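Undergrad: Starting from these lines, generate the structure:
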Amino acid sequence: MAWHSCVVAPTETFPVRITPINQQVNHMLFPGPMPHAQAGEATAEYSSASGELIVEYRLSRHLEEPARIPDIFAFGPGGFQRPLKVEKVAEGFFRERVRIEDRQGLFRVRPLEESRAFPEVVISHQKT
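TA: Reported below is the predicted structural model:
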């Protein structure tokens, strides 16, 4: 059996390009989804128009939606702590918002209990 590896080479537009491992070899070693497949993507941004921190979760197609959405809180500087209301935008796509107004610094958004579908998100908000 031949072993395959990733090839890493610098490019002009991005410092590193990774060529993925041969898919057929992956499937032979790990039938079905990869054991460490990403649960999805979580992004956070600040909306200056509304003074809100907006967090979006897009679940991987390999991850089932949780039966119950966990309680999620935002933590920030100066003892800031607020619950977030999670809204389901579409299948596998969730959005939550919290008003932070003019607060600056490091904000953490996380569920009370560990969740692969809703991982912790950290954002640094500084006025420019």
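
Undergrad: Find the helix or strand that Lys41 is a member of.
TA: Rather than Lys, residue 41 is Glu. Using DSSP states H and E, Glu41 sits within strand 40-47.

Undergrad: Do a quick rundown of the helices in the protein.
TA: Ranges of helices in the chain, per DSSP state H, are 23-29.

Undergrad: if we can go back for a sec, list the strands paired with the strand holding Glu41, with their directions.
TA: Here strand 40-47 has these sheet partners by DSSP bridges: strand 52-59 (antiparallel).

Undergrad: Can you point out the buried residues in the strand it pairs with?
TA: Within strand 52-59, the residues scored as buried using 16 or more other CB atoms under 10 Å are Glu52, Leu53, Ile54, Val55, Glu56, Tyr57, Leu59. C-beta here means a position set from N, CA and C on the backbone, and glycine is covered the same way.

Undergrad: How about stretch 83-103?
TA: So for stretch 83-103, counting by 16+ other CB under 10 Å, buried means Leu84, Val86, Gly92, Phe94, Arg95, Glu96, Arg97, Val98, Ile100.

Undergrad: what about it, average pLDDT?
TA: Mean per-residue pLDDT for stretch 83-103: 92.

Undergrad: Equivalent analysis for stretch 107-116, please.
TA: pLDDT averaged over stretch 107-116 gives 91.

Undergrad: Show me the contact partners of that stretch.
TA: The contact list for stretch 107-116, computed with CB atoms under 8 Å, 6 or more residues apart in numbering, reads 39, 44, 53, 55, 63, 66, 70-77, 80, 84, 96, 98, 100, 118-125.
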